[in-house]
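*Asks:* no sequence on this one, just coordinates:
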């Protein structure tokens, strides 16, 4: 499978471009000789042939653990087992197994270990292992060269990787040549040569080769044709196994589709796309980039996000190892951001214990050192430093000093951190580490106010020998001549991206020190965005920063557009809806070709909706779909256009029904909700007989979520109850519906309570007051049980009081004064918003009927 992606890595927020290619080529089938003529072995082979590699791995592992296997049979079984692990994406397990078995027991050990290292993205180690394997004359030479090309390209060393691919494109094996050609094009896209790739692909038949179609989509994203790319990626992502599409290609298409949504300014859809993908209980190579996309999607604080609950859920589910490992890791990062260091430490320890060979293991180890340092667990920090030396022995002292310095930096013990950073920079065996250590020494000096040390560091960083090469994936030190200013703003931007509180201080420092700098407007904009994303939002500071940036002249168009877009968010944060509409309108006039037009128009429409100017809201919502029918906002826009129309007089309801009919025809996520709105509109028009078939149609959908089915059934029951005013049979049907939901043990307690209340209402309409009272009492008793368990939720409180007061009315109608007073007392004891009303009711009953002596 092909995958092109970008992720952020490292202490300094450096951008790393990487490539992950076809995995199917990676392993050749083990030999054709039968191991043993046993059903267990044959069943494992069948599972492997059918693509059920996880199942095959379980069966091969079970056979491997049996005693008595020796010689060629044992080697054959080892190959089968490792092959299954690698094909199912369990590179860490394969790597652990290979290192336990040892090279001397297996001639092809080096080949398989290289593939495992590549799978867990230890690219440098994979390259060295594969190079040694090729020098030994292994039989899988071309496969090894392909893997080595991938590992070198992934390290940012494009030229040697492309040389390998160029040779492989001449392979006698047509399949190998084709895969090399695909990866060649992929590397071109990663390197920013997408236009060349599109020209090269003109003669390719994408109907027969989905990978070519995928490449086109990725190239279009890079050339700015994001909507076109989205259409292609969506088609690939929706193809099922029966279409013949490679699962890994389909997975990658889903991830790239989410990235397209981000580029189009729709982080909500990007989040939903990745959550749907990651909720699939299957291993995938695309889990790593999928988590990277989720981590990079920063939702507005005012909007709910499902990402964090998903992390928590996946961290407790070990069924999918790759997802479980990354959930632990990213949840730990979240806990660290929230200063919940103890929880972060426990998650990282679990990650490190379960996945010691994971691609994130070294980063997890570094983070673990930092969090233990924050918790003052110095003995554990030392243990982890020794573990680092054991794992990464070459140049270990400089790296351990670097990591220890970062621990002190996290603890804000800057003198100790600066001393260790200096030692690491002086003893570094590798240029990147030395430059990064010197960079961080400068940061420490800035934090401590030691301007002389800071200037010394800047002088060193400005020397040619301290500038990292362009091809270095972790390079962020290749600065212009104003290196001090550049370092300061780059650090400010990196901290702002991480939501670090130090970002504001750093950006303000830059603004104060370099008022004539070409990047001054960028600093003001970053400061404004940081304040807008703060909790609570600091809109006043953000407005001051945006005003300052707007006064700078001249500004490039891209900055002018970004400032105007940020002002839109500012108006929203301030709750200044009228200004938001004005700013949005000006933006649409000034930037007619902007990719953010749909989002801006949606914000304008939302502002009009909240201002209750429903006519303008409807018009703006409709324009979103009319201007760009394929917009990711189109469905939502039409849906809320209907909501707006529903609030208009005269023909508003009919207009809303028409708009919701369009939403239904789109068959998107809001289709069912649009049908429910149609039913509600008809009900408001008094057309219950027309609303009922709509609800019945919704109930025909297979595999409806339990809660949604219950909600629809209750709506159906209410419609039947309304029709029952003139048709006794309809009232009986309503009773049956409510009884069914009330007795369904799968329903939530508040849902059952609602059903009992509605059933009681039907009984009252039919004149069956005793049965109505009994139904109300069931709600009261169920909720009282919840109170005893300290588990009543707000909805249960609502239905408890609604049922309780209705029961009181019935008791008073039946002259059951004592029972009514006692029930009111029980309602008072529960507490809640209406407890005072219940107390007044009890007092009135006792005063009017002289019940004080009997209490």
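*Replies:* Arrived safely. Computed from a predicted structure; not experimentally measured.

*Asks:* who's in contact with the spatially most central residue of the chain?
*Replies:* Taking C-alpha atoms, centre = their mean as the criterion, residue 294 is the residue nearest the geometric centre of the chain, at 2.9 Å. Counting by C-beta atoms under 8 Å, 6 or more residues apart in numbering, residue 294 touches 271, 274, 275, 278, 307, 330. C-beta: built from backbone N, CA, C; applies to glycine.

*Asks:* now swap in residue 845 and tell me
*Replies:* By C-beta under 8 Å, 6+ apart, the residues touching residue 845 are 812, 817, 820, 821, 824, 851.

*Asks:* the third one sits in which helix or strand?
*Replies:* Assigned by DSSP states H and E, residue 820 belongs to helix 817-830.

*Asks:* avg pLDDT for that helix?
*Replies:* Computed over helix 817-830, the mean pLDDT rounds to 84.

*Asks:* what packs against it?
*Replies:* Applying 3 or more C-beta pairs under 8 Å, 6 or more residues apart in numbering; DSSP states H and E, we find helix 817-830 packed against helix 769-788, helix 794-813, helix 835-849.

*Asks:* of all the ones you listed, which one is nearest residue 659?
*Replies:* Comparison of the helices and strands packed on helix 817-830 against residue 659 by C-beta to C-beta identifies helix 794-813 as nearest, at 30.4 Å.

*Asks:* picking that back up, compute the inter-axis angle for the helix holding residue 820 and helix 835-849.
*Replies:* Interaxial angle, helix 817-830 versus helix 835-849 (axes from the mean of the first three to the mean of the last three C-alpha atoms, to 10 degrees): 160 degrees.

*Asks:* quick check: buried residues in helix 817-830?
*Replies:* Residues of helix 817-830 classed as buried: 817, 819, 820, 821, 822, 823, 824, 827, 828, 830 (neighbour count, 16 or more other C-beta atoms under 10 Å).

*Asks:* could you chop this structure up by domain?
*Replies:* What the record gives for the chain is the domain set 306-392, 748-855, from automatic domain parsing.

*Asks:* can you list those domains in CSV and add distance to residue 161?
*Replies:* Output for the domains of the chain, formatted as CSV (distance: least, C-beta to C-beta, whole Å):
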stretch, distance to residue 161
domain 306-392, 19
domain 748-855, 56
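
*Asks:* of the ones you listed, which shows the lowest average pLDDT?
*Replies:* domain 748-855 - the lowest mean pLDDT of those, at a mean of 81.

*Asks:* chain center to it: distance?
*Replies:* Taking C-alpha atoms, centre = their mean, to the nearest Å, one finds the center of domain 748-855 at 45 Å from the center of the full chain.

*Asks:* show residues contacting whichever strand or helix holds residue 342.
*Replies:* Here residue 342, judged by DSSP H and E, is contained in helix 341-354. By C-beta under 8 Å, 6+ apart, the residues outside helix 341-354 that reach it are 315, 324-325, 328-329, 331-333, 335-336, 358, 360-361, 364-365, 367-368, 371-372, 374-375, 377.

*Asks:* take the residues you listed and keep only those in helices.
*Replies:* Of the positions in the contacts of helix 341-354, 315, 324-325, 328-329, 331-333, 335-336, 361, 364-365, 367-368, 371-372, 374 sit in helices, assigned by DSSP state H.

*Asks:* which one of the buried residues of helix 817-830 is nearest residue 598?
*Replies:* For the buried residues of helix 817-830, the nearest to residue 598 is residue 830 (48.8 Å; C-beta to C-beta).

*Asks:* packing partners for the host helix or strand of residue 261?
*Replies:* In the assignment (DSSP H and E), residue 261 maps to helix 247-263. When contacts are defined as 3+ C-beta pairs under 8 Å, 6+ apart, helix 247-263 sits against strand 3-9, helix 210-222, helix 226-238, helix 267-278, helix 287-296.

*Asks:* quick one: which of the ones you listed is nearest residue 669?
*Replies:* Counting by C-beta to C-beta, residue 669 lies closest to helix 267-278 out of those; the figure is 7.9 Å.

*Asks:* next, the buried residues of the closest one.
*Replies:* Buried residues in helix 267-278, counted by 16+ other C-beta under 10 Å: 267, 268, 269, 270, 271, 273, 274, 275, 277, 278.

*Asks:* and the next helix or strand past the lowest-mean-pLDDT helix or strand in the chain?
*Replies:* When the helices and strands of the chain are scored by mean pLDDT, DSSP states H and E, strand 14-20 comes last with a mean of 23. Using DSSP H and E, the next helix or strand after strand 14-20 towards the C-terminus is helix 39-49.

*Asks:* roughly how far is that next one from the heart of the chain?
*Replies:* Worked out by C-alpha atoms, centre = their mean, helix 39-49 lies 36 Å from the chain centre.

*Asks:* buried set for stretch 102-111?
*Replies:* Buried residues in stretch 102-111 (16+ other C-beta under 10 Å): 106, 108, 109, 110, 111.

*Asks:* I would like the residues contacting the strand or helix carrying the last one, please.
*Replies:* Using DSSP H and E, the secondary-structure element containing residue 111 is helix 109-119. Residues lying outside helix 109-119 but in contact with it, judged by C-beta under 8 Å, 6+ apart, are 23, 26-27, 79, 82-83, 85-86, 89, 91, 94-95, 98-99, 101-103, 106, 123, 125-126, 129-130, 132-133, 136, 138, 140, 143-144, 147-148, 150-151, 285.

*Asks:* among those, which are in strands?
*Replies:* Members of those lying in strands (criterion: DSSP state E): none.

*Asks:* out of the residues you listed, which end up buried?
*Replies:* Buried among the contacts of helix 109-119 by 16+ other C-beta under 10 Å: 23, 26-27, 79, 82-83, 85-86, 89, 91, 94-95, 98, 101, 106, 123, 125-126, 129-130, 133, 138, 140, 143-144, 147-148, 150-151, 285.

*Asks:* ok so, going back, of the buried residues of helix 817-830, closest to residue 448?
*Replies:* Set against residue 448, the nearest of the buried residues of helix 817-830 by C-beta to C-beta is residue 830 (58.7 Å).

*Asks:* pretty sure the closest one sits against residue 784.
*Replies:* Yes - at 7.1 Å, residue 830 counts as touching residue 784 under the criterion of C-beta atoms under 8 Å.

*Asks:* common neighbours of these two, please.
*Replies:* Joint contacts of residue 830 and residue 784 (C-beta under 8 Å, 6+ apart) are residue 800.

*Asks:* got the residue ranges for the helices in the stretch 451-600 of the chain?
*Replies:* Along the stretch 451-600 of the chain, the stretches classed as helices by DSSP state H, counting those that start in this stretch are 451-461, 483-497, 502-513, 520-533, 539-550, 557-574, 577-590, 597-610.

*Asks:* out of those helices, nearest to residue 214?
*Replies:* Residue 214 lies closest to helix 597-610 among the helices of the stretch 451-600 of the chain, at 25.2 Å (C-beta to C-beta).

*Asks:* right, and the helix or strand after the closest one?
*Replies:* Sequence-wise, the next helix or strand downstream of helix 597-610 (DSSP H and E) is helix 614-627.

*Asks:* would you mark the buried spots in that next one?
*Replies:* For helix 614-627, by 16+ other C-beta under 10 Å, it's 614, 616, 617, 618, 619, 620, 621, 622, 623, 624, 625.

*Asks:* a markdown table for those, including distance to residue 46?
*Replies:* Output for those, formatted as a markdown table (distance: C-beta to C-beta, whole Å):
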| residue | distance to residue 46 |
| --- | --- |
| 614 | 62 |
| 616 | 64 |
| 617 | 60 |
| 618 | 59 |
| 619 | 61 |
| 620 | 58 |
| 621 | 55 |
| 622 | 56 |
| 623 | 57 |
| 624 | 52 |
| 625 | 50 |
